[in-house]
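Peer 1: return atomic coordinates for the entry below.
(2 chains)
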Amino acid sequence: MSRDPFTLEIIGDMLRASAVEMFITYGRSAQSPIIYEVLDMGCGLISAEGELIAEAEGVPGFVGCLGFAVREVLEKFGADALQPGDIFACNDPWGGGGTHLSDVVLVMPLFHEGNLLAFAANKAHWTEVGGMAPGSWTTDSTEIYQEGLQLPALRLYRAGQPQQDLLDILEANVRLPEMTLGDMYAGIAALHAGARGVATVCARYGADALLEAIALLLQRGESVARERLAALPDGSWFAEAWLDDDGIGDEPQYVCVRVTIDGERFIADYSGCAPQASGPINTTHVGLMVVVREMFKCVMDPHFPNNDGFFRPIEIICPPGTLFTAQRPAPTSTYWETGSYAAELIWRAMYAVAPERLSVGHHLSICGTIVSGEDEDGRPWVLVEPQAGGWGATQQRDGQNGLVPSGDGETYIMPVEICETRYPLLVDRFAFNTEPGGAGRWRGGFGLIRDYQVTSSHADLTASFGRFRFPPWGAQGGADGSNNAIEIIPAGQEKAVLRTGRCARQRLQRGDVARLITAVGGGFGDPLQRDPQRVAEDLREGYLSPEIARQAYGVVLDSAGVDEAATASLRADMSREREHGA
Amino acid sequence: MRVSVDVGGTFTDVIVLDEDSGDIQLDKVATTPANPAEGVLQGFDKVGAQTGEIEYFVHGTTLGINAMLTRSGAKVAFVTTRGFRDIYVLGRTDREPMYDFKYKKPKSLVPRSLCFEVTGRLNYKGQVLTPFDADQAREVAQRIVDQGVESVAVCFLHSYANPAHELAFEKVFQEVAPQISVTLSHRLSRVYREYERSSTTVIDAYIKPITRTYLTRLNSELVDGGFNGNFLMTRSGGGAMTLDTAREEPAHLVLSGPAGGVIGGAFLGKLIDLPNMITVDMGGTSLDASLIAEGEPTVENEQVFQTLPISIPTIDIHTIGAGGGSIAWVDEGGHLQVGPQSAGADPGPACYSKGGQQATFTDAALQIGFLNPDNFLGGEIDIDPALAEAAIDRLAQQLGMGLQDVAAGIVSILEAKMAGAVRVISVERGYHPRDFALCAFGGGGAFVAANISRELGVPLAIIPPGPGNFSALGMLMVDVVHDYARTHITGLVDMDPAQANQVYTELAAQGQAALASDGFGADQQQYLPSAEMRYRGQEHTVNIPLPGVTLSTDDIPLITERFHAAHLQQYGHSMMQDPIEIVTLRLRAVGLLPRPDLARAESGSGDLAAASRGSRMVFDRASGSEIEYQVYDRMKLGAGDSLSGPAIVEEPSSTTMVHTGDTLTVGEYGELQIRIAQRGDNG
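Peer 2: Prediction:
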């Protein structure tokens, strides 16, 4: 068999197809709604050295962890100790986990005629891994021990045989053992799907061709990344931001980055960020590497088929013990509140260089939500889901409405009908959040409002909605967006008694409503330069009021549409006022 | 006489079957986009069909999906439950290209200003929490009329469990505006997930006015021409529906065109005893792949078309941008790519001399010697091989590679992509290609059949007679089908068969009424029950055929066994200890039409001399040298004739490749059966 470049190309396609097959298998057979409905997972194939070689669309931050999990397995056991049929579980945030304990990586080494060729790996959010609170992650933990079982590359299966003792520990320590083990079996089925794909390549083209294709894929990833990097100017760009708080108290936290491109390298230096927090918002160094890679990919080439070769130009500098490099035993339940900022900082720094490739600020936080309780028969139930929100405008168009944040990807919001069938909740409303914010020549996209009314005697709400204080940023005269927020409205009342960005097991009684609000994205360009016809269309579509049209856009509308003369005059006045006022 | 017409983007294919002799006549006319009915009638003329003698007229059209593609359907209003006005426009919240921070959602078919809310709320059991507000509905209806809306889509929360509020809205709306059509979500889908059901409803409403106009006009022109037979439309989910049903539920027409080829594949498979068949339909711009298991096309209950979800049973047809016109190009990394862009029919491949500058798959196949420049549509198209060579040479220089290597690379890359499309509907669904034959048709299917088969380990490729018109042929083989479903959640082991039987009594009554109104007698009716099942705790389901519409506890072990086996087959594992649930009961009601016979081919003499057209030298990528291929005229081969590769079999609309090691035998219906030489170590 000749091994021309086309054959290697075809092998690359087959590996990507097996990653997709893993993804479908996991999603279709899992037990946690957050996996099968939300698709909070990532799947890929990893080289024998622990480098990602092929991935399926999913949660980018999850796919990014897979190579680290394989390296954790290799470091712990050594390649020689691995056998066909071994399966390992990793969720250690400092090892191959990288996020929080709920996200479990499963790893399986793949062999051909006794030789280790590659690994299949996946990572998904299991609804329950034990810990102090239903749903395992929470907003009031102060050390990792409260957040569930730690699985530091545990060998769950040895040569195809389940290690019953380990499964018994899992079963005994989680609130919904059927669901947790069901997710595990689904994840294992997905690993086997990946294994079948690799076996097919070996049968058809031979193991040598596979290894050659893997090397070529990685090398091509690197060369494309270097070309993309070379196309950007050399230089150094600084960005800073404030986080709402440290996850426990009220004090805003400072974070910053300096990005340097020097032709060969892409250096992200996070020196100067706030120390690790007492609350659970911390990210680990592995988690930081994953989000920097994700942002690098976004800026350099979002559509090139991904592999770890692409990330070879990256260097990260960050001293230990910061929000982005927390040390054990720091809690990491709501790691996304810092991880998303590590990405956001690079986003803002690179916006100065390549604004045409990016949108402006968006709701950013995953807005993780848990509602839990017991049904009429006393059985526990746990709803876990992320929320979607408003995205920022780009140079050419308005921001997108109701999309999952940058840290999520091929991720869905749970249908109302499924939610009401599975949980004692009634969704009173699921609609766009059209509150003012994000005005611009191109305006921000709209967030969402979702009202959960409790229909059982009581339920508990845990949620972490970062950007409660600091809204999505606008650019070039575009306004900032609005804020994410959680509101509690008691039964029979209209007004919220609580508005917050964070709560832990907040008790709700029958008829109480938890209102989940996500931000409107940032705007781009001067709102006074927005085409008045677009403002009129937004009015017609019910996205803004005549008052906002005047106040934010200087557009005067009457029943016939835009009053051109009055608009020109109002806009001139507003421009003058702005000059004098400033 | 039975006539079928497949209206495609470029050509309208017509086939006439004489039911007494089994003889078939086929032809093509240009599609007439302004009034497709005109093309249909021209097609009748060209094949000499007397309109008055047609007993069954079966029709497939891409009208609906084209309207979705070009966003040229009706002005639709969407009506839903108070608090949920935005659920349709909001759509899904995912970013499928996960690293793309400038991702743009697909445009919805209805603007927010035409989305309306009505008070009235059900829970998931279908119980009324807030009564329906008829006065408010009347106001909404009036506002819809005032906006000049042409078609209305209604989807209330939990209407799958209780349709009362949707029916109440329809009643009110018909009082206000009887002339405007209304689609109710529960009539199309009794399955939960509000966005998907809303989207299905909107699609139906969106294509209903143009479909009705078209079908009504075509029917009246046919009737004017003396037609008094049965007018049937092929359905996305398999089978056909009557004209009246098609006018009511056009959502079932979305895959009406390509469904014909799959139905034809299933029919041919039964005739020649190959019940497991993969079908591949390759045209100028795209390739459709589908799978038939044990004689039945595989059907998915949820699909996405043009980014719009539709949750009604639909044949699982996977389409990719790979066809004869697929353009070869060099990417930024300096690597050769083919497709998904296509030169289409105009300008077409470079060798068509119509101004195309870019090398296509067809140019590459011509360059290395696979195609005969004098045999394009039987010589109807003039070909200039020098233009193909020049276009490929430009790529070769960019790549720094030899001309022939690049041409052969283009063919291999696209064949691998096509094999990938077949993987999606086979391997990714848990089917092993080695258990299937690959039936290839369309203008290009025969050309790539052998290599796609080899790539996937398929042992046998079938090229049906008249591959260019095979979709139209398939349309002649339909039965009339109605699908029904009801969400009915129960454990399997502790199920009460009486309750399930009650559901089936109701569904069967609906089916009987529908088939009776279609004109089918009791002996022409067939009922196929199935259940969507899952392990408790899972959400996604597997559809399992049930032994009958009257179940007893004795059936449970068999159903259990079928479910475990199907789950293992589709997902690679089963969980024997876990409890199983039934989620949805389905019933397919079939009105059986007389099954036509295909004429058998005349026996061949065994002597291939008469069929020989000499030989051609073809460049071989693996060895880097040229190989001599014998060339034959398909029209002169008879049943039982056989030949070995390397060989090329030509006919006016198609070219069949038989590579080294492959052997071809002509089957009893004139189909070419190619036994594929497998790669040495392939299992």
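Peer 1: could you give the mean pLDDT of whichever helix in chain A runs longest?
Peer 2: The residue-count maximum for a helix in chain A (DSSP state H) belongs to helix A:177-205. Average pLDDT, helix A:177-205: 91.
Peer 1: chain center to it, what's the gap?
Peer 2: Here the centre of helix A:177-205 is set off from its chain's centre by 24 Å, with Cα atoms, centre = their mean, to the nearest Å.
Peer 1: over to stretch A:60-75?
Peer 2: 16 Å.
Peer 1: wait, does it contact chain B?
Peer 2: Yes: where contact is defined by Cβ under 8 Å from any Cβ of the partner chain, part of stretch A:60-75 touches chain B, namely A:P60. The C-beta positions use only the backbone N, C-alpha and C, and glycine is treated the same way.
Peer 1: tell me which residues in stretch B:210-222 are buried?
Peer 2: B:210-212, B:214-215, B:218-219, B:221-222 (16 or more other Cβ atoms under 10 Å in any protein chain shown).
Peer 1: can you dump the C-alpha atoms of it in PDB for me?
Peer 2: The C-alpha trace of stretch B:210-222 is given here as PDB (Å, rounded to 0.1, in the frame of the first residue of the first chain):
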ATOM      1  CA  ILE B 210     -46.900  27.200  -2.700                       C
ATOM      2  CA  THR B 211     -47.400  23.500  -2.500                       C
ATOM      3  CA  ARG B 212     -51.200  23.800  -2.700                       C
ATOM      4  CA  THR B 213     -51.000  26.200  -5.600                       C
ATOM      5  CA  TYR B 214     -48.600  24.000  -7.500                       C
ATOM      6  CA  LEU B 215     -50.500  20.700  -6.800                       C
ATOM      7  CA  THR B 216     -53.900  22.200  -7.600                       C
ATOM      8  CA  ARG B 217     -52.600  23.600 -10.800                       C
ATOM      9  CA  LEU B 218     -50.900  20.500 -11.900                       C
ATOM     10  CA  ASN B 219     -53.900  18.400 -11.000                       C
ATOM     11  CA  SER B 220     -56.300  20.600 -13.000                       C
ATOM     12  CA  GLU B 221     -54.000  20.600 -16.000                       C
ATOM     13  CA  LEU B 222     -53.800  16.800 -15.800                       C
END
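Peer 1: list the contacts of that stretch.
Peer 2: B:35-37, B:40-41, B:51, B:57, B:59, B:61, B:63-64, B:67, B:72-74, B:181, B:231, B:233, B:243, B:246-247, B:250, B:253 (Cβ atoms under 8 Å, 6 or more residues apart in numbering or on different chains).
Peer 1: do that again at 7 Å, thanks
Peer 2: Residues from elsewhere that reach stretch B:210-222 (Cβ atoms under 7 Å, 6 or more residues apart in numbering or on different chains): B:36-37, B:40-41, B:51, B:57, B:63-64, B:67, B:73-74, B:231, B:243, B:246-247, B:250, B:253.
Peer 1: now, these that are in helices?
Peer 2: B:36-37, B:40-41, B:63-64, B:67, B:243, B:246-247.
Peer 1: just give me the neighbour total for the closest residue to chain B within the stretch 101-250 of chain A.
Peer 2: Proximity of the stretch 101-250 of chain A to chain B (Cβ to the nearest Cβ) peaks at A:A189, 4.2 Å away. By other Cβ atoms under 10 Å in any protein chain shown, 22 other residues sit near A:A189.
Peer 1: that one and A:A30 touch, don't they?
Peer 2: No: using Cβ atoms under 7 Å, A:A189 makes no contact with A:A30, being 9.3 Å away.
Peer 1: how about A:Q161, nearest residue that isn't a chain neighbour?
Peer 2: A:G85 (7.4 Å; Cβ to Cβ, 6 or more residues apart in numbering or on different chains).
Peer 1: now do the contacts for the one you found.
Peer 2: Counting by Cβ under 7 Å, 6+ apart, A:G85 touches A:157, A:159-160.
Peer 1: from those residues, which would you call buried?
Peer 2: By 16+ other Cβ under 10 Å, those give A:Y157 as buried.
Peer 1: and which of the contacts of A:G85 is nearest B:T201?
Peer 2: Minimum distance to B:T201 across the contacts of A:G85 is 46.2 Å, recorded for A:Y157 (Cβ to Cβ).
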